[in-house]
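Novice: whatever this is, show me its structure:
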Amino acid sequence: MIGSWGRLGLAKYCAEVFGQISFLGLTVSTRLYNAVIDALVKSNSLDLAYLKFQQMPADNCHPDRFTYNILIHGVCKIGIVDEAVRLVKQMEGLGYLPNVHTYTNLVDGFCKSKRVVEAFRVIKIMRYKNATPNAATVRSLVHGVFGCVDPGEAFELLLSFVERESLLFKVACDTILYCLSNNHMSREIALFLKNFGAKGYLPDSSTFNISMVCLTKELAHAQNEVHELFENYIQGGGKPGFGTYLVLIEAMYKSGNIDEGNQIFEQLIKDGLLSSGHSYNMVINCFCKAQILDRASRAFGDMQHNGILPNLVTFNTLLAGYCKAGEISKAHELLIMLLEHGFKPDIFTFSTIID
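Specialist: Numbers count the residues shown, from 1 in each chain. Here you go, the predicted model:
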């Protein structure tokens, strides 16, 4: 209950209820203190959390590793990393060794304080003290470095780090790709995928999708290079999602590489990703935007042949494609078919016809 109040930001309420614990016949314990301190930290009331921390000896309660980790997390969250270091030393003095959570908080704190060198040094200390970094540690480091230095410099620093460290290699690579995509660093993404793909790195489908979206937008005049990266991913055993295929198909059509777009579309079908009304609607929309209406019409026929019934969105999408291309007779035929299927034209249908 106290934890819930903390997440809701009810710091004062937590402190007041805790003050009445003795009247409720409950015994104050270190565990209860930890719950209150954690709630106060979560509600950004660090001063109150420290006050409770200092009151512990008066109630014959002694701080443990959890107590210190909670406070270390609180001070690192706002970038007061020197206080976090002091707490770590105090904790060690009491015989509590820092664990992976302690070190992950320190990494986050040093990055928030823009002390990148010391954040990397924490990873070395972990290795020396046999505290194995986990996925959260690596993600904190990567996001933290990108957040506190120039993205280009961050990429160079992390590239060097990943080449040295084999631990959690995939997590580090996935997170770096995510940050590169967020910073629209398409050239660096292409370089990273080529170099680390040769070393056996294969991103998960969601990370690869984010990367491909960035590449197709930023490398508009280098779609052959993007296509090559896509093919390498499949050959390496990767399974692109429907969104990845569609983004690349649209990019190929937009750049005039119709044959390559068609080739990727055939691969999409081969992988069994065209299997619902929603996916057919998106494909038909893709063909319409590229003004390849014969393929849009063929997809419309294929979906019905495969037992998937078109809906109003399907008809409106294809209708808009015909109208935009000036094929009024086909649009008229499609409108009759729409009515025969029992659909009522909506505002989109009427506005398309009027335009």
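Novice: for L46, which non-adjacent residue is spatially closest?
Specialist: Nearest residue to L46, sequence neighbours excluded (CB to CB, 6 or more residues apart in numbering): G74, at 5.1 Å. Every residue, glycine included, has its C-beta placed from N, CA and C.
Novice: go on, V313?
Specialist: N281 (5.2 Å).
Novice: pretty sure that neighbour contacts N316?
Specialist: No: applying CB atoms under 8 Å, one finds N281 not in contact with N316, separated by 9.3 Å.
Novice: can you list contacts of whatever helix or strand L338 lives in?
Specialist: Here L338 sits within helix 328-340, counting by DSSP states H and E. Here helix 328-340 makes contact (CB atoms under 8 Å, 6 or more residues apart in numbering) with 293, 297, 312, 315, 318-319, 322-323, 345, 349, 353.
Novice: what's the average pLDDT for the very next helix or strand once past that helix?
Specialist: Using DSSP H and E, the helix or strand that follows helix 328-340 in sequence is helix 347-354. Helix 347-354 carries an average pLDDT of 80.
Novice: next: stretch 131-151.
Specialist: Stretch 131-151 comes out at a mean pLDDT of 94.
Novice: one step back: mind listing what the residue nearest to V313 touches?
Specialist: 311, 313-314, 317.
Novice: buried ones among the contacts of helix 328-340?
Specialist: Among those, those scoring as buried are 293, 297, 315, 318-319, 322-323, 345, 349 (criterion: 16 or more other CB atoms under 10 Å).
Novice: now, which of these lie within helices?
Specialist: Of the positions in the buried ones among the contacts of helix 328-340, 293, 297, 315, 318-319, 322-323, 349 sit in helices, assigned by DSSP state H.
Novice: would you list these in JSON lines and tack on distance to E156?
Specialist: Converted to JSON lines, those look like this (distance: CB to CB, whole Å):
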{"residue": "L293", "distance to E156": "48"}
{"residue": "S297", "distance to E156": "50"}
{"residue": "F315", "distance to E156": "52"}
{"residue": "L318", "distance to E156": "49"}
{"residue": "L319", "distance to E156": "51"}
{"residue": "Y322", "distance to E156": "51"}
{"residue": "C323", "distance to E156": "51"}
{"residue": "T349", "distance to E156": "54"}
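Novice: poorly predicted segments of the stretch 51-200 of the chain, please.
Specialist: Counting by pLDDT under 70, the stretch 51-200 of the chain contains no low-confidence residues.
Novice: quick one: the strands in it?
Specialist: Counting by DSSP state E, counting those that start in this stretch, the stretch 51-200 of the chain has no strands at all.
Novice: about what we covered before: list the contacts for the residue nearest to L46?
Specialist: Neighbours of G74 in contact, by CB under 8 Å, 6+ apart: 41, 46, 49.
Novice: ok so, going back, with neighbour count, distance to Q54 and pLDDT added, can I get the contacts of N281 in JSON lines?
Specialist: Putting the contacts of N281 into JSON lines (neighbours: other CB atoms under 10 Å; distance: CB to CB, whole Å; pLDDT from 0 to 100) gives the following:
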{"residue": "N311", "neighbour count": "15", "distance to Q54": "65", "pLDDT": "92"}
{"residue": "V313", "neighbour count": "17", "distance to Q54": "63", "pLDDT": "93"}
{"residue": "T314", "neighbour count": "25", "distance to Q54": "67", "pLDDT": "92"}
{"residue": "T317", "neighbour count": "25", "distance to Q54": "66", "pLDDT": "92"}
